[in-house]
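Enquirer: here is my input, please return the structure:
(chains A, B and C)
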Amino acid sequence: MPELPEVEIIRRGLEEKIVGLEIKNIEVIRPKTFQGDRKNLWGKKVLNVWRRAKMLGIDLTSDLTLLFHLKMTGQLIFEKGKEKIIGGHPTEDMLGPMPNKSTVVIFSFDDGSHLYFNDQRQFGWVKVIPTSRIEAEEKKLLGELGPEPLEKDFTWQVLKDNILKRKKTPIKVALMDQSLIAGIGNIYASESLFLARVDPRRLVNTITDGEFKKLHQGIVESLQTSLKHGGSTLSNFVDAEGKKGYFLNFANVYGKEGQACRGCPDKVVKITQAGRGTYFCPFCQK
DNA sequence: CACTTGACCTGTCCGC
DNA sequence: TGCGGACAGGTCAAGT
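Expert: Numbers count the residues shown, from 1 in each chain, chains lettered A, B, ... in the order given. You can find the predicted model right below:
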């Protein structure tokens, strides 16, 4: 799915476009995706758009919040006339006419605009929850979540303390554990470990303080670099002047199996950890 | 308890 | 061209 930067890009785009709009109707194409009573949403206005970990929340009037998780292949596409704001799993057809065959829910607003929730693999969901309960029941409603890595309180010591809640887990697997740090997925786990020059197979209890400091920098740097370039997906696509998210062009190791490493003459290697692909340079990352 | 694997789904790509 | 299998930016539940 979209990881932290991609969801954040979507959040920013939506915030700019849908705050103040009134929901006219919701068309649920795939019932399993939508949890709640859509009739409760008729006539409600959008108050704000927020993100926590990889989840996106749209607060509405009447103490209602739409909570989204895009999982692996979710896309949110806002369309008003010729204008499009796009984000999520990158596919060519997201540039084409909406809805398409992967559209699972359609939100219609009072000004004639639409928000399309597309999801090829259909793992994603959106649920209606009471806004007022989110703070008190975050664990129950959003799940156990570690700190936001781009917030000020995320220091290298916090990273270390949280990672060390695990004992014999490979560092790459721990980085993707949302209860330890929120928002890092398969791309940014590999990328931040490369920036820190740490081997993804290292067990968490072997990482030194110096390495935790570099890893902290690597996490922040990889996420911010991606945000700067619009995420690793399409974003802010307006009419025919499409602007893609180019992050993967800047990636050092992710998806670069067999290609030359940027830091040495060696080649990037791909291995499997906890069922997921991990990319790294065995020479640079010790 | 801590960690790994399978399941949820559809689509695409790669080798035979 | 067809087909099988592996794999895909995530997260649960079940299994070891």
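Enquirer: give me every residue that touches the closest residue to DNA strand B within chain A.
Expert: For chain A and DNA strand B, the shortest gap (Cβ to the nearest atom of the strand) falls at A:R121, measuring 3.2 Å. (C-beta placed from N, C-alpha, C; glycine too.) Counting by Cβ atoms under 8 Å, 6 or more residues apart in numbering, A:R121 makes contact with A:K71, A:M72, A:T73.
Enquirer: for the longest helix along chain A, packing partners?
Expert: Counting residues, the longest helix found in chain A (DSSP state H) is helix A:209-228. Here helix A:209-228 touches helix A:4-18, helix A:156-163, helix A:186-196, helix A:247-250, going by 3 or more Cβ pairs under 8 Å, 6 or more residues apart in numbering; DSSP states H and E.
Enquirer: so how far is A:A251 from the residue of chain A closest to DNA strand B?
Expert: Distance check for A:R121 against A:A251: by Cβ to Cβ, to the nearest Å, it reads 22 Å.
Enquirer: what do you get for A:D199?
Expert: Look at A:D199 and A:A251: by Cβ to Cβ, they are 18 Å apart.
Enquirer: in terms of neighbours, single out the busier of the two.
Expert: A:A251 (22 against 18; other Cβ atoms under 10 Å).
Enquirer: could you double-check that that one sits in contact with A:Y188?
Expert: No. Under the criterion of Cβ atoms under 8 Å, A:A251 makes no contact with A:Y188, lying 9.7 Å away.
Enquirer: for the stretch 51-200 of chain A, which segments are assigned as helices?
Expert: A:131-134, A:138-142, A:156-163, A:171-175, A:186-196 (DSSP state H, counting those that start in this stretch).
Enquirer: the shortest one: which residues count as buried?
Expert: By 16 or more other Cβ atoms under 10 Å, the buried positions in helix A:131-134 come out as A:T131, A:I134.
Enquirer: does that helix reach DNA strand C?
Expert: No. Using Cβ under 7 Å from any atom of the strand, helix A:131-134 stays clear of DNA strand C, coming no nearer than 14.8 Å.
Enquirer: residues contacting that helix, please?
Expert: Outside helix A:131-134, the residues that touch it by Cβ under 8 Å, 6+ apart are A:G57, A:D59, A:L60, A:D63, A:L64, A:T65, A:L141, A:L142.
Enquirer: who does the fifth one bridge with?
Expert: Here A:L64 sits in beta bridges with A:L60, A:P130, as judged by DSSP bridges.
Enquirer: which residues touch it?
Expert: A:L64 touches A:N40, A:L41, A:K44, A:V128, A:I129, A:P130, A:T131, counting by Cβ under 8 Å, 6+ apart.
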